[in-house]
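> structure of the sequence below:
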Amino acid sequence: MGMGAASGGGGGGGRRGRRRRKTGVMSEINVTPMVDVMLVLLIIMMVAAPMMTSGVSVDLPRTAAGEMPSQTRPITVAVTPEGAIFIDENPVAEAQLVTTMAELATPEDRIYLRGDTTANYGTVMRVMGMLSAAGYTKIGLVTERER
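Take a look at the predicted model:
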């Protein structure tokens, strides 16, 4: 009888061991195929990206029509050290900035904001905030390269 109890205990221990092994195998995730797929996708994207950005050389036809107004040149807004605001070379009051810009540009046009080095930072940011609130999203700050 002592032998039967010992073999029964051993059998129970064997079953528990098998259960542990099964759950261990089921809980492990094999990430090697996923890594392989990601590396292949990365290589494909690296090869395809330059092809998507490069333009096709085309001989464009000639026409008498003028350029579209939005593509002619960007509109420049300047802030002087005294806080005066200029659109291109025309002085504008701060209250009239948005209405004057609405006459000259559409929200898709590019606007260059030039703030003097000694100009009040708050004035430059206020002008930028007014333009941004009016819907002009393509605003660039103009700087000079350091020597």
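
> use CA for all of it now, contacts and neighbours both
OK.

> hmm, who's touching stretch 73-83?
Residues outside stretch 73-83 that contact it (C-alpha atoms under 8 Å, 6 or more residues apart in numbering) are 85-88, 105, 109-120, 123-124.

> now do that stretch: distance from first to last residue.
One end of stretch 73-83 sits 25 Å from the other (C-alpha to C-alpha, to the nearest Å).

> and Glu108, helix, strand or coil?
Of the three states, Glu108 takes coil according to DSSP: H, G, I helix; E, B strand; the rest coil.

> relative to Ala95, how far out is it?
The value you get for Glu108 to Ala95, if C-alpha to C-alpha is used, is 22 Å.

> more neighbours: the two, which one.
Glu108 (12 against 9; other C-alpha atoms under 10 Å).

> check the gap between the more buried one and Leu131 for me.
From Glu108 to Leu131 the distance is 12 Å (C-alpha to C-alpha).

> which of the contacts of stretch 73-83 fall in strands?
Ile85, Phe86, Ile87, Ile111, Tyr112, Leu113, Arg114, Gly115 (DSSP state E).

> can you tell me how far the closest residue to the second one other than its chain neighbours is from Arg114?
Distance criterion C-alpha to C-alpha, 6 or more residues apart in numbering; nearest residue to Phe86, sequence neighbours excluded, is Ala78 at 5.0 Å. Here Ala78 is placed at a distance of 5 Å from Arg114 (C-alpha to C-alpha).

> which one of these two is surrounded by more residues?
Ala78 (23 against 18).

> in whichever helix or strand the more buried one is part of, what's buried?
Taking DSSP states H and E as the definition, Ala78 sits inside strand 75-79. In terms of neighbour count (16 or more other C-alpha atoms under 10 Å), strand 75-79 has its buried residues at Ile75, Thr76, Val77, Ala78, Val79.

> quick one, that strand and strand 111-115 angle?
Put simply, strand 75-79 runs at 20 degrees to strand 111-115, going by axes from the mean of the first three to the mean of the last three C-alpha atoms, to 10 degrees.
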